[in-house]
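> Structure for this input, please:
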Amino acid sequence: MEVLKLFVPYGPGWLGGAALVLIAAYFGRQFLDEYKRQNQRKGELDLKREERKQEEVAERAQRDRERSQMEGRIAAQMERSNSLMEAMKTLMESVVASNEVWYIRYCFTGRFG
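Numbers count the residues shown, from 1 in each chain. Just a heads-up that it's a prediction; the model follows:
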């Protein structure tokens, strides 16, 4: 009650104004606390988002490395396949030439061997 006696000489308007200032300070503090919490949550979400982006970049780089390795294996396999095909082609040409020689020999001699 002594606090109220301090405002008596100034009239009821000052008491109401003081009450409004106290109420505004109380709600202002609550607002600031909530604002800080929201900013903290936003910061945490941004941090998580950045971590996810970094993980995605790392995963993408890993997939690219794996794809490059696979393409290298495929290219090596195709190179081996091409060299094998060339060897088979050379062998077939040799067989054809040998058969032609045998045929010509047969035509002139009438027998094989």
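
> name the helices or strands packed onto the helix or strand harbouring G13?
For G13, the host element (DSSP states H and E) is helix 12-109. Counting contacts by 3 or more CB pairs under 8 Å, 6 or more residues apart in numbering; DSSP states H and E, helix 12-109 packs against helix 2-7. For every residue, glycine as well, the C-beta is placed using N, CA and C.

> can you give me the mean pLDDT across the helix it packs on?
Mean pLDDT, helix 2-7: 68.

> got it, and stretch 83-94?
Across stretch 83-94, the average pLDDT comes to 96.

> what's the spacing between E34 and G43?
15 Å (CB to CB, to the nearest Å).

> before we move on, what about E59?
For E59, the distance to G43 - CB to CB - is 25 Å.

> again with C107
Taking CB to CB, one finds C107 at 94 Å from G43.

> same question, R37
11 Å.

> K89 now?
Counting by CB to CB, the gap from K89 to G43 is 68 Å.

> In terms of position in space, what residue lies nearest the middle of the chain?
Centrality entry for the chain: nearest residue to the mean C-alpha point is E56, 2.3 Å, by CA atoms, centre = their mean.

> From F108, how far off is that one?
Counting by CB to CB - E56 and F108 are separated by 77 Å.

> Could I get the CA-only coordinates of stretch 27-39 as PDB?
Extracted C-alpha coordinates of stretch 27-39, given in PDB (Å, rounded to 0.1, in the frame of the first residue of the first chain):
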ATOM      1  CA  PHE A  27       4.600  -8.300 -22.300                       C
ATOM      2  CA  GLY A  28       7.500  -6.700 -24.100                       C
ATOM      3  CA  ARG A  29       9.900  -9.000 -22.200                       C
ATOM      4  CA  GLN A  30       7.700 -12.100 -23.000                       C
ATOM      5  CA  PHE A  31       7.700 -11.000 -26.700                       C
ATOM      6  CA  LEU A  32      11.500 -10.600 -26.700                       C
ATOM      7  CA  ASP A  33      12.000 -14.000 -25.100                       C
ATOM      8  CA  GLU A  34       9.700 -15.600 -27.700                       C
ATOM      9  CA  TYR A  35      11.500 -13.700 -30.400                       C
ATOM     10  CA  LYS A  36      14.900 -15.100 -29.200                       C
ATOM     11  CA  ARG A  37      13.500 -18.600 -29.100                       C
ATOM     12  CA  GLN A  38      12.200 -18.300 -32.600                       C
ATOM     13  CA  ASN A  39      15.600 -17.000 -33.900                       C
END
